[in-house]
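Peer 1: the sequence isn't on hand, but the structure is:
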């Protein structure tokens, strides 16, 4: 809380804002993408944009695990609950993401015979494992989502399930990888006209993978990356570091979040993940399409606890709502207010797309903290 209190006090925040304004060349524009939804949330909540000069623009990235989960994957979980009579356990935000036929996991839950099947919110993979242990007559499937941050806990419960010989527990794996998404953003054909001068790298992901995996962004794409913490002062410091790199013609990987992130990350967590998971050849992301080597699947040694193998599940891609702009927002090509559904048909109470559901989604952040009102006033 120390950083938040200092931000609210304003002294350090104003100082950083003034430093960014002094550093920013008035003759040029700067465009930086905050990859992670946690940074988007901090920027909207604390009004960081209001402290930046007009020629420094922040662009939302795809780093919200609920937001990038495609409709077809949610449909897969719904079918599993309704047709195979299993209990799906997952995080709260996942339950409300719109799926096919007007359903979501939450709406599908109302149709289930709770004595045989259910859809439940859990706070962790360990909660799902504990449910399977408590109720051996119930078939429990954990719908696992997330970037590298939440992958080690899923790996751990799979190891525990195997050690326990637990026959009524499995995982529907949807863990995705940050570096692959950055490549997709930079290479996406529809985004070629979008200029990006650098990235704010994710904090929690980087505590696991370290700063080394971003080297390719600097070496191949010649873009700077500054890994930043989630406090508003962290974000502002990282913006200042990016502006200075651009001014100096540098494209380095810098670590603002050095109090938690190292060059090589958490090697113990990496080893755990390597033991349980392997790369998927292809995986579909919402907004980014099907990307090679961009997600993880469960290794054959753990097939007995792999829901896709256990229940013979096949993935079928499903198009997003034709009026929803989540895909272009996740790629950074549009802002939430550019979507005609934003704030009217689509609100946090009545979401039409995943970006309005998740607490880390760009649309939810803009709506909940009133950023769309500022845009509307400027437009008027």
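Peer 2: Great, that's in hand. Everything numeric in this text was worked out from a predicted model, so none of it was measured.

Peer 1: mind checking how far residue 40 is from residue 123?
Peer 2: Look at residue 40 and residue 123: by C-beta to C-beta, to the nearest Å, they are 22 Å apart. C-betas here are computed from N, CA, C, even on glycine.

Peer 1: of those two, which one has the most company?
Peer 2: Neighbour tally, residue 40 and residue 123, criterion other C-beta atoms under 10 Å: the higher count belongs to residue 40, 28 against 9.

Peer 1: from residue 238, how far off is that one?
Peer 2: Taking C-beta to C-beta, one finds residue 40 at 13 Å from residue 238.

Peer 1: okay, now the unreliable bits of the stretch 101-250 of the chain?
Peer 2: The stretch 101-250 of the chain contains residues with pLDDT under 70 at 189-194.

Peer 1: how about the helices in it?
Peer 2: Applying DSSP state H, counting those that start in this stretch to the stretch 101-250 of the chain gives helices spanning 105-109, 125-134, 151-164, 178-187, 203-209, 215-220, 232-247.

Peer 1: give me the most central residue, the protein.
Peer 2: The centre of the chain sits closest to residue 64, judged by C-alpha atoms, centre = their mean, with a distance of 2.0 Å.

Peer 1: gap between the residue nearest to it when sequence neighbours are not counted and residue 183?
Peer 2: Setting aside the residues directly before and after it, residue 64 is nearest to residue 37 in space (C-beta to C-beta, 6 or more residues apart in numbering), at 3.5 Å. Using C-beta to C-beta, we find residue 37 at a distance of 19 Å from residue 183.

Peer 1: which of the two has more neighbours?
Peer 2: A direct count of neighbours by other C-beta under 10 Å for residue 37 and residue 183 places residue 37 higher, at 28 against 20.

Peer 1: can you give me the pLDDT of that one?
Peer 2: pLDDT for residue 37: 92.

Peer 1: so it touches residue 355, yeah?
Peer 2: No: counting by C-beta atoms under 8 Å, residue 37 stays clear of residue 355, with 9.1 Å between them.

Peer 1: so what sits against both of these two?
Peer 2: The contact sets of residue 37 and residue 355 overlap at 64, 67, 361, 362 (C-beta atoms under 8 Å, 6 or more residues apart in numbering).

Peer 1: with secondary structure and distance to residue 274 added, can I get these in CSV?
Peer 2: Formatted as CSV, those follow (DSSP: H, G, I helix; E, B strand; the rest coil; distance: C-beta to C-beta, whole Å):
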residue, secondary structure, distance to residue 274
64, coil, 25
67, coil, 27
361, coil, 30
362, helix, 32
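
Peer 1: alright, I will stop here.
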